[in-house]
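# sequence and predicted structure are below.
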Amino acid sequence: MKPETQGPVTLAVVNARIWTGDARRPWAEGVAIRGERLAAVGSSAEVRKLAGSARVIDAQGRMVVPGFIDSHVHFVDGGFRLSSVQLRDARTPAEFARRIRDFAATVPKGTWIVGGDWDHESWGGTLPTKAWVDSVTPDHPVWVNRLDGHMSLANSAALAAAGVSRATPEVAGGTIVRDASGEPTGVLKDNAMGLVDRVVPAAPAALEDRALDTAMTYVASHGVTSVVNVGSWNDLAIFTRAQAAGRLRTRIYAAVPLSSWEQLRDTVAARGRGDAWLALGGLKGFVDGSLGSHTAAMQAPFADAPRDSGFFVTPAESLYAWTSGADKAGLHVMVHAIGDRAIATQLDIYERVAKENGPRDRRFRIEHAQHIAPADIPRFAQLGVIASMQPYHAIDDGRWAEKVIGAERAKGTYAFRSLLDAKATLAFGSDWFVAPPTPLEGIYAAVTRRTLDDRNAAGWVPEQKITVEEALRAYTAGSAYAEFAEGEKGVLQVGKLADFVLIDRDLTKVAPETIRQASVVMTIVGGKVVFERTGGGAPTP
């Protein structure tokens, strides 16, 4: 134990089962905090001696881990989704329509109904149409998205507002789904979604700020202390307002669109890369769409659509030009690639750019990396590319993915074990709003791979399971490394930020299938308690 010597201890935790993430001392009993940083990591007796008059939390033998770092979220959108119509668990078309009808009754006429997060696989795979909701939303434009964010349903009012009709031409990198007569059904995929997105009214600043506050409160209750927001310049403005007002309780690494790399270059030159609360420098791009929307770019056709193999939403030439320019500017590139063809293409681009621009610590990332061709798995480590993955997707998509890509290709799906065995770096996250920002469920998913329908008791593609400690590392040290922040967080060491989580059980000792029943008792960010569960089980933000 190396206690910091300046100033009094402000908070201490003792009698804990502490997984530090530090290979030199993987387990401890107590931590002491001075201000925002860890002053000591050691035995309970050592920490008590330092505590003085500080609050001492008796963990009662429960587990403490470094604060979870969600390496891929849409943070403001997630906050908005908490107060929008809830369609994720709608099980029938009738229930889908009824929930939209009931929500419409709670908001003024003319209000756009957005969000939703529906999953057509929940009712057998039939895509919704505007006819399902037109009759129950005569006074409201409806624009509700599939849970992956790669297709949305518009009702007739929304299509009319956007000027989308049978005469509207197709959009490169997207699809307007049409019926047999050529009439739009209301579903738009990927780039075609922009036709409606551009006419949806912007939320007032006060609602944006409330959405951020809601998001921070929610993730704190699940032990998340930092996030990588893959979003927009408007998101960055919201975060900047919150930081100026002293309202940030979640640390944010804010990525903006890859196509705007020159603007980010100039912004970083003007204001720097930020600090431990709000950091800049990341850029997010897209190669393809999603498997559930049949817009993932695959090397071979989909098993259930033999004339379709998905598509690129961004041309490879643009991805190369943007990646190269951003890399030359010293910026951090992270690109969404889901299908095996998309992943191979982006790995090729990364390899080319690294050779052309010369050696540096660039930490290129592939976001999702869901369906990797076997030959490309070792390339992640060889090229130093981080696999930024979301384990909850494995137990969600695993309910239906083999129908879409077949059993053989599924072997490379969410290939956590293979990537780790190949010495690649994993950074775990949620993709919230697409999936819940609940790391304990993510750990459960990575360790058990039991699908949400409980039809895979031994795990879906069980050879890709990893251990609890490997999953913890991906949610902590791996994610810190993936945002150039390993010097500040991700492990519990003296001098690092005092971000950690108290959990009600030792995840390394319980039966793996019970991990999802674990709960967060307390979340500390920068030495301050930002969430504490009361004795009755209700959360106290």
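It's in.

# mind listing what's buried in the lengthiest strand in the chain?
Of all the segments assigned as strand in the chain under DSSP state E, the longest by residue count is strand 278-286. Residues 278-286 are the ones in strand 278-286 that count as buried (16 or more other C-beta atoms under 10 Å). For the C-beta atoms, the positions are set from N, CA and C on the backbone; glycine is no exception.

# with stretch 408-425 instead?
409-410, 412-420, 424-425.

# can you check stretch 100-118 too?
100, 103-104, 112-118.

# from those residues, pick the one nearest residue 463.
Nearest to residue 463 among these is residue 117, at 30.5 Å by C-beta to C-beta.

# sorry, back to before: what about the longest strand of the chain, distance to the chain center?
14 Å (C-alpha atoms, centre = their mean, to the nearest Å).

# could you say what helices and strands the very next helix or strand once past it packs with?
Once the chain leaves strand 278-286, the next helix or strand it forms, by DSSP states H and E, is helix 316-328. Identification of packing neighbours for helix 316-328 by 3 or more C-beta pairs under 8 Å, 6 or more residues apart in numbering; DSSP states H and E yields helix 261-271, strand 278-286, strand 332-337, helix 340-357.

# who does the second one touch, helix- and strand-wise?
Same thing as strand 278-286. By 3+ C-beta pairs under 8 Å, 6+ apart, strand 278-286 packs against strand 224-230, helix 233-244, strand 251-257, helix 261-271, helix 316-328, strand 332-337.

# let's see it at 10 Å
Judged by 3 or more C-beta pairs under 10 Å, 6 or more residues apart in numbering; DSSP states H and E, the packing partners of strand 278-286 are strand 224-230, helix 233-244, strand 251-257, helix 261-271, helix 316-328, strand 332-337, helix 340-357, strand 365-368.

# got the buried residues for the second one?
Read that as helix 233-244. In helix 233-244, counting by 16+ other C-beta under 10 Å, buried: 235-236, 238-240, 242.

# which one of the helices and strands packed on helix 316-328 lies nearest to residue 165?
Going by C-beta to C-beta, the one of these nearest residue 165 is strand 278-286, 26.8 Å.

# using the three-state scheme, assign residue 248.
coil (DSSP: H, G, I helix; E, B strand; the rest coil).

# so it sits against residue 279, correct?
No: if you go by C-beta atoms under 10 Å, residue 248 and residue 279 don't touch, sitting 11.5 Å apart.

# the helix or strand hosting residue 176 - what's its average pLDDT?
Taking DSSP H and E as the definition, residue 176 sits inside strand 174-178. If you average the pLDDT over strand 174-178, you get 97.

# so what are the sheet partners of the following helix or strand past it and their directions?
Per DSSP H and E, the first helix or strand lying C-terminal to strand 174-178 is strand 184-190. When sheet partners are counted by DSSP bridges, strand 184-190 sits next to strand 151-154 (antiparallel), strand 174-178 (antiparallel).

# if I take strand 184-190 and strand 278-286, what angle do their directions form?
Put simply, strand 184-190 runs at 120 degrees to strand 278-286, going by axes from the mean of the first three to the mean of the last three C-alpha atoms, to 10 degrees.

# buried ones in strand 184-190, by neighbour count?
184-190.

# ditto for stretch 127-142
127-130, 132-133, 136-137, 140-142.

# what's the answer for stretch 144-162, then?
Using 16+ other C-beta under 10 Å as the test for burial, stretch 144-162 gives 144-159, 161-162.

# how far away is residue 111 from residue 202?
14 Å (C-beta to C-beta, to the nearest Å).

# let me fix that, I meant to ask about residue 102.
26 Å.

# ok, whatever helix or strand residue 524 lives in: who's next to it in the sheet?
If you go by DSSP H and E, residue 524 is part of strand 520-525. Counting by DSSP bridges, the strands paired with strand 520-525 are strand 500-503 (antiparallel), strand 528-533 (antiparallel).

# what does the last one contact?
Taking C-beta atoms under 10 Å, 6 or more residues apart in numbering as the criterion, the residues outside strand 528-533 that touch it are 10-11, 33, 35-36, 55, 57, 67, 216-225, 249-250, 498-499, 501-502, 504, 519-525, 539-541.

# kindly report the same for stretch 163-174.
Residues contacting stretch 163-174 (C-beta under 10 Å, 6+ apart): 150-151, 154, 156, 158-159, 162, 176, 178-179, 181-184, 186, 188-196, 199, 286, 288-289, 295, 311-315.

# please identify the most buried of the strands paired with strand 520-525.
Highest mean neighbour count of the strands paired with strand 520-525: strand 500-503, a mean of 25 (counted as mean count of other C-beta atoms under 10 Å).

# next one: that one to chain centre, how far?
So, by C-alpha atoms, centre = their mean, the centroid of strand 500-503 is 20 Å from its chain's centroid.

# then stretch 298-315?
24 Å.

# going by neighbour count, which residues of it are buried?
Neighbour-count burial for stretch 298-315 [16+ other C-beta under 10 Å]: 298, 302-303, 309-314.

# pLDDT wise, what is residue 3 at?
53.

# what do you get for the one 4 residues further on?
According to the prediction, residue 7 has pLDDT 88.

# what is the burial count for the closest residue to it other than its chain neighbours?
For residue 7, ignoring the flanking residues on the chain, the nearest one in space by C-beta to C-beta, 6 or more residues apart in numbering is residue 34 at 5.0 Å. Using other C-beta atoms under 10 Å, residue 34 is surrounded by 21 other residues.

# sec struct for the most centrally placed residue in the chain, please.
The centroid of the chain falls nearest to residue 431 when counting by C-alpha atoms, centre = their mean (2.5 Å). Following three-state DSSP, the label given to residue 431 is coil.

# the helices and strands packed on strand 278-286: which one's closest to residue 26?
Using C-beta to C-beta, these put strand 224-230 closest to residue 26, at 19.9 Å.

# identify each buried residue in the closest one, please.
224-230.

# for residue 96, state which of the buried residues of stretch 298-315 is nearest.
Distances from residue 96 to the buried residues of stretch 298-315, taken by C-beta to C-beta, are shortest for residue 302, at 24.1 Å.

# residue contacts, the closest one?
291, 294, 296, 308-310, 339, 403-406, 409.

# let's see that with 7 Å instead.
By C-beta atoms under 7 Å, 6 or more residues apart in numbering, the contact list for residue 302 reads 294, 308-309, 404-405.

# tabulate the buried residues of stretch 408-425 (JSON lines), appending secondary structure.
Output for these, formatted as JSON lines (three-state DSSP):
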{"residue": "409", "secondary structure": "helix"}
{"residue": "410", "secondary structure": "helix"}
{"residue": "412", "secondary structure": "coil"}
{"residue": "413", "secondary structure": "strand"}
{"residue": "414", "secondary structure": "coil"}
{"residue": "415", "secondary structure": "coil"}
{"residue": "416", "secondary structure": "helix"}
{"residue": "417", "secondary structure": "helix"}
{"residue": "418", "secondary structure": "helix"}
{"residue": "419", "secondary structure": "helix"}
{"residue": "420", "secondary structure": "helix"}
{"residue": "424", "secondary structure": "coil"}
{"residue": "425", "secondary structure": "coil"}
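
# redo those as a markdown table? Include distance to residue 446 and pLDDT.
A markdown table is the format used below for the buried residues of stretch 408-425 (distance: C-beta to C-beta, whole Å; pLDDT from 0 to 100):
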| residue | distance to residue 446 | pLDDT |
| --- | --- | --- |
| 409 | 20 | 94 |
| 410 | 16 | 93 |
| 412 | 16 | 91 |
| 413 | 13 | 95 |
| 414 | 8 | 97 |
| 415 | 11 | 98 |
| 416 | 6 | 98 |
| 417 | 9 | 98 |
| 418 | 13 | 98 |
| 419 | 11 | 98 |
| 420 | 10 | 98 |
| 424 | 14 | 98 |
| 425 | 15 | 98 |
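
# just for the stretch 351-500 of the chain, where's the confidence low?
Judged against pLDDT under 70, the stretch 351-500 of the chain has no low-scoring part.

# go again with 90.
454-455 (pLDDT under 90).

# measure residue 317 to residue 352 for me?
12 Å.

# so for these two, which residue has more residues nearby?
Between residue 317 and residue 352, residue 352 has the larger neighbour count (other C-beta under 10 Å), namely 13 against 9.
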